[in-house]
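[1] Pasting a predicted model and its sequence here:
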Amino acid sequence: MGDSHGHSHSHGLGPQTGRENRARLLITIGIVAVVLVVEVIGGILSGSLALFADAGHMLSDLTGLLVALVALTMAARPATDARTFGHRRAEVFGALANGLILLVVVGFVVVEAVTRLVEPTVTAVEAPLMLLVAVLGAIANTAGLLVLRGGAKDSINMRGAYLEVLGDLVGSVAVIVAAIVILFTGFERADAIASLAIAGLIVPRALGLLRDVVRVLSQGTPRGTDVALIREHVLSKPGVVSVHDVHVWSITPGSNVFSAHVVVDRAVFRENLTDELLDALTVCLAEHFDVAHSTFQLEPEEHASHEVDQHR
């Protein structure tokens with residue numbers, strides 16, 4: 001005898017807020033795309049590797065912004081029989097592509113920067129042009145931050161997009177510093193040093209993205225989730241005797257799913273208290289552990305005793 005119950009704890013936003021956030025993302029995507037093109041052209045004309053590195057950083061963040069936009073759009077689509085959790089995994093595959101792009105960019109920048117440090121280029125870096133392009137990039141990134149700031153308060157996707165553009169701003173500042181150093185001292189290796197600094201900013205993001213992708217695709221326990229503590233909360237509910245076959249995983253980072261078999265006292269069934277218990281369990285998971293969707297199978301002790309392949 002068993003009883004299952006699903007509960008959806010929505011972290012979604014209202015239609016109006018969703019439209020506003022999409023508009024914010026579209027504006028920021030336009031800004032970042034323009035700056036990316038300007039930095040590539042500026043890097044070619046000025047001979048600045050730092051501008052190329054920052055353009056690579058911008059390319060990554062442009063991909064991240066597009067993924068956030070896709071995630072907002074996909075999250076609004078209903079689940080179907082073919083995709084029972086909807087289309088939210090698209091965000092994970094986008095993050096995988098983004099992480100791989102970042103590693104390629106970092107590899108190129110590091111090799112080229114080290115080469116320039118060991119064997120300085122004959123062609124001088126055009127510091128004035130480099131400085132102009134970097135300043136334009138910083139201004140554009142600041143505008144992007146102002147556009148995204150409102151949505152960053154109430155959406156995990158928007159907060160991620162905000163942090164990506166903030167990283168771009170830091171990269172632009174590094175290029176500005178390098179350009180000023182070259183302009184006033186003639187120390188052209190500052191360009192390669194700034195490139196390595198920007199690569200250093202990119203690496204943690206790339207590894208973090210790939211680590212999150214591996215955790216989600218391998219259905220690992222979401223980061224920061226204490227399964228033992230969840231088990232304690234479940235066991236604390238009146239009528240619960242034990243809990244087993246506990247599973248916690250993510251559809252995408254921030255969208256956690258939980259399922260478990262909960263052994264309950266026979267009185268819970270006899271007195272028709274299953275609804276109250278299920279409500280208490282689902283509310284607990286949603287409020288205390290940020291679980292978007294939880295499923296419980298309630299079962300009497302005699303049923304649990306002959307289940308095969310039980311685990312904690």
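    That came through fine.

[2] Now the phi/psi pair for Ala113, please.
    Main-chain dihedrals, Ala113, degrees, to the nearest 10: phi -70, psi -40.

[3] Return the distance of it relative to Ala143.
    Using CB to CB, to the nearest Å, Ala113 is found at 29 Å from Ala143. Quick note: C-beta positions are derived from backbone N, CA and C, even for glycine.

[4] Quick one: low-confidence residue ranges for the stretch 51-200 of the chain.
    For the stretch 51-200 of the chain, the stretches flagged by pLDDT under 70 are 71-72, 75-76, 79, 81, 84-88, 120-123, 151-158, 160.

[5] show me where it has helices.
    For the stretch 51-200 of the chain, the helices defined by DSSP state H, counting those that start in this stretch occupy 90-118, 127-152, 156-185, 189-217.

[6] What residues sit buried inside the longest one?
    Residues of helix 156-185 classed as buried by neighbour count (16 or more other CB atoms under 10 Å): 157-169, 171-179, 181-183.

[7] what is the orientation angle of that helix with helix 189-217?
    Going by axes from the mean of the first three to the mean of the last three CA atoms, to 10 degrees, helix 156-185 is angled at 170 degrees with respect to helix 189-217.

[8] And for the second one?
    On the basis of the same axes, to 10 degrees, helix 127-152 is oriented at 30 degrees to helix 189-217.

[9] rewinding a little: of Ala113 and Ala143, which one has the most company?
    Neighbour comparison, Ala113 and Ala143: the larger count goes to Ala113, with 24 against 15 (by other CB atoms under 10 Å).

[10] Just give me the longest strand of this protein.
    For the chain, the longest strand by residue count, based on DSSP state E, is strand 240-252.

[11] After that strand, heading C-terminal, what element do we hit next?
    Downstream of strand 240-252, the first helix or strand assigned by DSSP states H and E is strand 255-264.

[12] gap between that following strand and the chain center?
    The chain centroid and the centroid of strand 255-264 are separated by 25 Å, computed with CA atoms, centre = their mean, to the nearest Å.

[13] Quick one: mean pLDDT for the longest helix along the chain?
    If you go by DSSP state H, the chain has its longest helix at helix 15-46. Regarding helix 15-46, the rounded mean pLDDT is 83.

[14] That one - contacts with which helices or strands?
    Contact here means 3 or more CB pairs under 8 Å, 6 or more residues apart in numbering; DSSP states H and E; on that basis helix 15-46 packs against helix 49-75, helix 127-152, helix 156-185.

[15] Just the buried positions in that helix, please.
    For helix 15-46, a neighbour-count test (16+ other CB under 10 Å) marks 18, 20-22, 24-25, 28-29, 31-32, 35-36, 38-40, 42-43, 46 as buried.

[16] That helix vs helix 156-185, what angle?
    Using the same axes, to 10 degrees: helix 15-46 against helix 156-185 is 20 degrees.

[17] and helix 15-46, how far from the chain's centre?
    Taking the mean C-alpha point of helix 15-46 and that of its whole chain, the gap between them comes to 18 Å (CA atoms, centre = their mean).

[18] Taking helix 49-75 as reference, get the angle to that helix.
    Using the same axes, to 10 degrees: helix 15-46 against helix 49-75 is 160 degrees.

[19] coming back round to it: quick one: closest of the helices and strands packed on helix 15-46 to Leu117.
    Nearest to Leu117 among those is helix 49-75 (10.3 Å), distances taken as CB to CB.

[20] just how off-centre is that closest one within its chain?
    Offset of helix 49-75 from its chain centre (CA atoms, centre = their mean): 12 Å.

[21] How much space separates Asp275 from Leu298?
    From Asp275 to Leu298 the distance is 10 Å (CB to CB).

[22] sec struct for Gly220, please.
    Following DSSP: H, G, I helix; E, B strand; the rest coil, we place Gly220 in the coil state.

[23] Spatially nearest residue to it (excluding sequence neighbours)?
    Of all residues not flanking Gly220 in the chain, Trp249 sits nearest, at 7.1 Å (CB to CB, 6 or more residues apart in numbering).
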